[in-house]
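*Asks:* Sequence and predicted structure are below.
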Amino acid sequence: MAHFCGLCKRSFPMQRGFQQHTSAYHCYPKPRAQHSMYKYHPDLTARPCNAHGCFLDDPKAPPPICHPVDDFQQFTDRATFEAAELLYEEMATSKDDIKQLLHILRAKTVLDGHDPDATPLFDSHQHLLDAIDAIQHGGTEWRTFAIRYSGPIAPDAPAWKRQHYIVHTRNSLEVVEGMASSPDFVRTWETCRYQERNKKGEWLFSNLMSAHWAWKQADEIAKDPTTHGSMFTPICIGLDKTTTTVGTGSQEFHPLYMMVGNVMNEMRRAHRDAVVPLAFLPIPKGTHEDEDNPEFRLFKKQIYHEVLRHIFEPLRPGMSTPHVLRCPDGHYRHYRWAIFGIGPIIADYPEQVYLSGIVQGWCAKCQGPKNGLDSAVHPRFHEHTHTLWETFDPGTLWDIFGVVNDVWPFTLYFPRADIHELLAPDLLHQLVKGTFKDHLVTWVEEYIYLTAPNRREAKRILDDIDRRIAAASAFPGLRHFPQGRNFKQWTGNDSKAFMKVYLPALTGYVPDKMIRCIGTFLDFTFLAHRSSHTLRTLTEMDLALSRFHHLREVFVETGVRPDGFGNLPRQHALFHYTWLIKLFGSPNGVCTSITESKHITAVKHPWRSSNRHNPLIQILRTNMHLSKLAALRIELGRRGSLRGDVLSYAFRKQIPHLGRRLRIPKLHALIRWFLHNQLYPGFNEPDEILPSTRVLCYVSATATFFAPSELGGPHGMHSEIIWCTPKWRKQHSHYDTVLVQLSEDSGFRGMSVGRVRTFISFSYGITLYECALLEWFEAVGDHPDPVTGMWIVRQEMAGHHQAMSLVSIDSIVRSCHLIGFYGTSHLPSDFHFTETLDAFKYFYVNHYADYHSFEILK
């Protein structure tokens, strides 16, 4: 259960997470840290101070000693604490099941002849809840207030005017203080704004504090000399509705999440307590007649902004007057405290419409008109919108400028906050779900229906495309689509995985220009997902976007989009990406995928644990208990009370036995030639090795490599498991393909592709050799395919069998993904994807399988 990494000062609720962290951070060699040059803001320097706001004489002095309370507080020992975590957090065990479990444990105690009055873990379910409630760490209390319509109410007024709307929220200042003081963030908390340049002198945009917006905010704050030495603390906001009962849609919630911008993107993407639920907003409901009432629609927007203003009101004094704030290192920082500021706001397009007070269909970032969104125009900003309010009537505001009258964005009440500037890019809804899934995939389907001789033939083509997608071979971390694209409920992860295997399946059915259009969009998407950007990569994004806009005209030429692309706000948002990256850093740190993932632990799981009657109150209580357990786990880890173990297994076989089991009778000869190449490469006779030599055989290996663009990679490191097993999940075989470095040539020209049959290790003399047995593929031609841009390979033959040899695992770069070259052939309806690597003669090397593959192969 609970574990703590003493090197990183981070806690983990489960042993599995701790093992993954240990493997990724501490078990394998790491690349040399990237040499960067930093320029810090000269005035807001985040100097350490004491609890009274006075600077420390020695800025490097150790933090004040925090005397802990009793070791496990209300839990008698670690076993009891971990039992509470397991039953309440991990298993979400019901009240009756906990009661039955405690009865069984007590019965076992009596049967073993022990004291029948002894307490097995807890007396009751209520005892468990009382122990969690008594935890003295974490768990900011929830508060409730009501809000209602304040205008005149006639006797026959609709119900929504007389109703009180309940808001559940935490004190935003207390939540920030709790997050800032968490020792979990000690290695991932940035106290100063900075500019980072690599060894080439290129400006790097990665975390929020490295981008232009944070520096500009610091300049504004520093105009007041009393703030010098303080720490700027951006408050990032995430808003996203979610539904828990998909069938009826009756259980709808509107959570508001808060993040602190000082936390690095890596930790924010890992979720944990870097993203916390701050409030649940009211969702005004009306009749069908009310929904068409402009007054009701205006009221919903006004109540929305008034609630947000009230929730963040506790932070407003600290946005101009510094506030003492304890940081994860235990120090208080500032001259006289920290300066808060409303930071990037994460929201999908419907939420952006509400936040910015614009008309549906217009752009919230610029003044692009509703049906003219095929280019970027002048940006929106508060002063301009305020001038429009004072100059034009409501009808003109709506029709000509796309502005809703009488909707004052909540950011107007807070200093240095402009809602139009603060809306962050949304990779999930603008790129993955929006432009790719809702636009490009749909347009391709419409093209096939338009050009096919009849509807039946169009469906036959779509079925064959689905079979091609289902035939894509397995790849670590890549989702398999057994029905192709023919499934109803698309999730964000479905769309992300689908875009990696979609392109090759279209060859032969759509024009080459359409394939290049989709490929160019994928290039833009993969570039946008980078964890760190330079001006060079941003230029590449602009060029890719320009090519995409040119190539997408194929959909106009073929009649799919006869009216053009001027009414697509999510696709229009791509115009603003490079500017927003300069403003806020890498988009993967401010994306709605972060808040949507948080829905699972903050809303969906607590809802399932409720009795469905007035579930929101129960959800709030569950969130309180979970935050208390997490806070105590962090504190116990900080004090060294948590330990964890890692277990490993090896399967020993002798060479002849192993050769028969693997159905490779020449395994002994392959090992001899491997030793010859390792020890005596200048001689022709292979070295001898006894058949009785003990060999360790493995069905998997973990490849660890530097891939800064992959989400969740610690310090740019990423790991993946390469499998080679004859029975994957007791069903079919699973042999992954890998890239092997054979020369110093860059890119794919210096590599070859192999299919792993097994991993083995053995000792010869005093040296341990670790190697992989590979079946080889060879490149077809000296250049990638001109249509898809992918390299094509085929099986390398040695006589009548595929060439095979042993290689040192040090030469394996990482896994790679092969997709069959379909051409114009039709796949049988019962074709299974596990047969792909044996059924086709030629294969695409898919550089869209993940972001690192794109970087090393494209």
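*Replies:* Nice, I can see it.

*Asks:* what's whichever strand or helix holds residue 466 packed up against?
*Replies:* Using DSSP states H and E, residue 466 falls within helix 455-470. Using 3 or more C-beta pairs under 8 Å, 6 or more residues apart in numbering; DSSP states H and E, the elements in contact with helix 455-470 are helix 442-451. All C-beta atoms are positioned from the backbone trio N, CA, C, and that covers glycine.

*Asks:* Just the CA trace of the helix it packs on, in PDB.
*Replies:* Taking C-alpha atoms only, helix 442-451 is exported to PDB below (Å, rounded to 0.1, in the frame of the first residue of the first chain):
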ATOM      1  CA  THR A 442     -16.100  12.500 -40.500                       C
ATOM      2  CA  TRP A 443     -15.100  14.200 -43.800                       C
ATOM      3  CA  VAL A 444     -13.300  11.100 -45.000                       C
ATOM      4  CA  GLU A 445     -16.400   9.100 -44.400                       C
ATOM      5  CA  GLU A 446     -18.600  11.700 -46.200                       C
ATOM      6  CA  TYR A 447     -16.100  11.600 -49.200                       C
ATOM      7  CA  ILE A 448     -16.400   7.800 -49.500                       C
ATOM      8  CA  TYR A 449     -20.200   8.000 -49.500                       C
ATOM      9  CA  LEU A 450     -20.100  10.800 -52.100                       C
ATOM     10  CA  THR A 451     -17.700   9.000 -54.500                       C
END
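
*Asks:* Report the distance from it to the chain centre.
*Replies:* Taking C-alpha atoms, centre = their mean, to the nearest Å, one finds helix 442-451 lying 32 Å from the centre of the chain it belongs to.

*Asks:* hey, where'd the strands end up in the stretch 701-850 of the chain?
*Replies:* Counting by DSSP state E, counting those that start in this stretch, the stretch 701-850 of the chain has strands at residues 717-728, 732-735, 737-741, 751-764, 767-779, 791-795, 797-798, 801-802, 804-808, 812-816, 818-820, 842-845.

*Asks:* Which residues outside the next helix or strand after the helix holding residue 466 are in contact with it?
*Replies:* Going down the chain from helix 455-470, the next helix or strand is helix 492-498, by DSSP H and E. Helix 492-498 is touched from outside by 428, 432-433, 436-437, 441, 469, 478-479, 481, 485, 487, 593, 596, with contacts defined as C-beta atoms under 8 Å, 6 or more residues apart in numbering.

*Asks:* Give me the buried positions along helix 492-498.
*Replies:* Counting neighbours by 16 or more other C-beta atoms under 10 Å, one finds that the buried residues in helix 492-498 are 492, 494, 495, 496, 497, 498.

*Asks:* hey, where'd the strands end up in the stretch 501-650 of the chain?
*Replies:* According to DSSP E, counting those that start in this stretch, the stretch 501-650 of the chain contains no strands.

*Asks:* pLDDT weak spots in it?
*Replies:* For the stretch 501-650 of the chain, the stretches with pLDDT under 70 are 637-650.

*Asks:* Please enumerate the helices of it.
*Replies:* Under the criterion DSSP state H, counting those that start in this stretch, the stretch 501-650 of the chain carries helices at the ranges 512-528, 535-551, 554-557, 569-572, 577-584, 592-599, 605-609, 615-638.

*Asks:* circling back: hmm, which of the contacts of helix 492-498 are the buried ones?
*Replies:* 428, 432, 433, 436, 437, 441, 469, 478, 481, 485, 593, 596.

*Asks:* shaky segments in the stretch 651-800 of the chain?
*Replies:* Using pLDDT under 70, the stretch 651-800 of the chain drops low at 651-659, 661, 680-694, 708-716, 765-766.

*Asks:* helices or strands next to the helix or strand encompassing residue 307 in the packing?
*Replies:* Using DSSP H and E, residue 307 maps to helix 294-311. Packed against helix 294-311 by the contact rule (3+ C-beta pairs under 8 Å, 6+ apart) you find strand 142-148, helix 159-162, strand 164-170, strand 276-280.

*Asks:* buried ones in the shortest one?
*Replies:* Within helix 159-162, the residues scored as buried using 16+ other C-beta under 10 Å are 160, 161.

*Asks:* Next, the residues that contact that helix from outside, please.
*Replies:* 148, 149, 151, 153, 284, 285, 286, 290, 296, 299.

*Asks:* Could you turn the buried ones of those into a PyMOL selection?
*Replies:* Applying 16+ other C-beta under 10 Å to those leaves a buried subset, and the PyMOL line that selects it is:
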select buried, resi 149+284+286+290+296+299
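
*Asks:* Which of the strands of the stretch 701-850 of the chain has the highest mean neighbour count?
*Replies:* Among the strands of the stretch 701-850 of the chain, strand 818-820 has the highest mean neighbour count (mean count of other C-beta atoms under 10 Å), at a mean of 25.

*Asks:* Settle this for me: residue 556 is touching residue 550, isn't it.
*Replies:* No. Residue 556 is not in contact with residue 550 according to C-beta atoms under 8 Å; the separation is 11.5 Å.

*Asks:* about what we covered before: out of the helices of the stretch 501-650 of the chain, which comes closest to residue 414?
*Replies:* helix 577-584 (17.7 Å; C-beta to C-beta).

*Asks:* Return the angle between stretch directions for that closest one and helix 535-551.
*Replies:* Relative orientation of helix 577-584 versus helix 535-551 (axes from the mean of the first three to the mean of the last three C-alpha atoms, to 10 degrees): 150 degrees.

*Asks:* Who are the packing partners of helix 577-584?
*Replies:* Packing partners of helix 577-584 (3+ C-beta pairs under 8 Å, 6+ apart): helix 212-221, helix 535-551.
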